[in-house]
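[1] pasting the structure only:
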């Protein structure tokens, strides 16, 4: 089958590899669509970050080259022994987390902070940038008939945004600021609105993404190159700052602006995966008792997120700006996202 594999930073190759075989407790999926994630882009530009290179991942037992792609959906075409809750022909999306199931975090259901945490398509396995994928049956979730394949491929990134909002202190009527309006930031705007935020302020330097933020539901959009963000946010919040801020840019200056834009005893939520070390003046948290919350991925929410998208409360499909083939994944995918800010979410169809 055809698949896109990560060999090194700036070295992703589309090549022919053997189709994966189904083992006990696994399902084989014919991939319909797979989204290009910001984490994939980080791996392309400066990786390895999650991708194991020198030693195999402890759970996947794989190391580079890795078949990438973790935001995907498709049709079950084969099931392994002991699989009873999924059948051939089922339409599913994939929750791509590897977890050990045995550590303290896993035993209390917090598998997203497992000490051996990994992701299909980053830490090993057969990811969604291939014609077929094989995953453990516990990673698949059935999708309703009214949900399109494109929507189903967006469940995974939407789950990140929903988990971030649920882990925050956000209450109905609260004010929110979102720093960075890439795909996750835009989904956070929608998730915060669904959770009852009364005013949502977005900050973004890209004119194209400023327009996306307005389209997706931000009440106010601030360009930090033209405005003092802290003063502007306080001007729109009676001089107090927002109740909750979400940092989705992974930039040191943006994180510190998010902290200062949050009211005393407010909540700052970091969603970004950082390429570099952040420098935080801790007194900006300590002297105001602002809470700093960090999240990774999601847990126990895929069925809820599927319904939020299926019933239209979160319009994830509005983020899709292009659909490409596997052969185009570097030039029209990773390079396009690097160079062109009017590209938001690009989906890959392995059978185009």
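    Ah, there it is. Fair warning: this is a prediction, and the values are worked out from it, not measured in the lab. Numbers count the residues shown, from 1 in each chain.
[2] For residue 297, give me its contacts.
    97, 112, 119, 159, 160, 163 (C-beta atoms under 8 Å, 6 or more residues apart in numbering). All C-beta atoms are positioned from the backbone trio N, CA, C, and that covers glycine.
[3] Try it again at 10 Å.
    Taking C-beta atoms under 10 Å, 6 or more residues apart in numbering, we find residue 297 in contact with 39, 70, 95-97, 111-113, 117, 119, 156, 159-160, 163-164, 271.
[4] Residue 338 now?
    By C-beta under 10 Å, 6+ apart, the residues touching residue 338 are 41, 44, 45.
[5] Then it would be within a strand, right?
    No: checked against DSSP: H, G, I helix; E, B strand; the rest coil, residue 338 lies outside a strand; its state is helix.
[6] could you measure it against residue 46, distance?
    For residue 338, the distance to residue 46 equals 11 Å [C-beta to C-beta, to the nearest Å].
[7] And residue 103, by the same measure?
    The span separating residue 103 from residue 46 equals 29 Å under the rule C-beta to C-beta.
[8] Looking at these two, which has the bigger crowd around it?
    residue 103 (16 against 12; other C-beta atoms under 10 Å).
[9] what residues are up against the more buried one?
    Here residue 103 is in contact with 110, 111, 113, 114, 115, 116, 117 (C-beta under 10 Å, 6+ apart).
[10] which among those residues gets closest to residue 25?
    In terms of C-beta to C-beta, no member of these lies closer to residue 25 than residue 111, at 16.6 Å.
[11] List the residues that contact the closest one.
    Counted by C-beta under 10 Å, 6+ apart, residue 111 has contacts 95, 97-101, 103, 105, 117, 138, 297-300.
[12] Filter those residues down to the buried ones and hand me the PyMOL line.
    Selection of the buried residues among these in PyMOL, burial being defined by 16 or more other C-beta atoms under 10 Å:
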select buried, resi 95+97+98+99+100+103+105+117+297+298+299
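[13] Among the contacts of residue 111, which ones are in strands?
    By the criterion of DSSP state E, membership of those in strands covers 97, 98.
[14] among the contacts of residue 111, which are in helices?
    Using DSSP state H, residue 105 are the members of those that sit in helices.
[15] could I get the contacts of residue 111 as CSV with pLDDT and distance to residue 129?
    As requested, the contacts of residue 111 are exported to CSV (pLDDT from 0 to 100; distance: C-beta to C-beta, whole Å):
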residue, pLDDT, distance to residue 129
95, 98, 17
97, 98, 18
98, 98, 17
99, 98, 22
100, 97, 25
101, 96, 26
103, 97, 29
105, 98, 29
117, 97, 21
138, 96, 22
297, 97, 19
298, 98, 21
299, 98, 24
300, 98, 27
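[16] can you tell me how far the residue sitting nearest the centre point of the chain sits from residue 254?
    Residue closest to the average C-alpha location in the chain (C-alpha atoms, centre = their mean): residue 157, at 3.4 Å. For residue 157, the distance to residue 254 equals 20 Å [C-beta to C-beta].
[17] Ok, residue 218 next?
    For residue 218, the distance to residue 254 - C-beta to C-beta - is 16 Å.
[18] Next: residue 60.
    In terms of C-beta to C-beta, residue 60 sits 33 Å off from residue 254.
[19] Between residue 218 and residue 254, which has more neighbouring residues?
    Neighbours around residue 218 and residue 254, counted as other C-beta under 10 Å, are more numerous at residue 218. The numbers are 27 against 20.
[20] Test my guess that that one contacts residue 236.
    No: assessed by C-beta atoms under 10 Å, residue 218 is found out of contact with residue 236, at 11.7 Å.
[21] Do a quick rundown of the helices in the stretch 151-300 of the chain.
    155-167, 183-194, 207-216, 229-235, 252-260, 283-286 (DSSP state H, counting those that start in this stretch).
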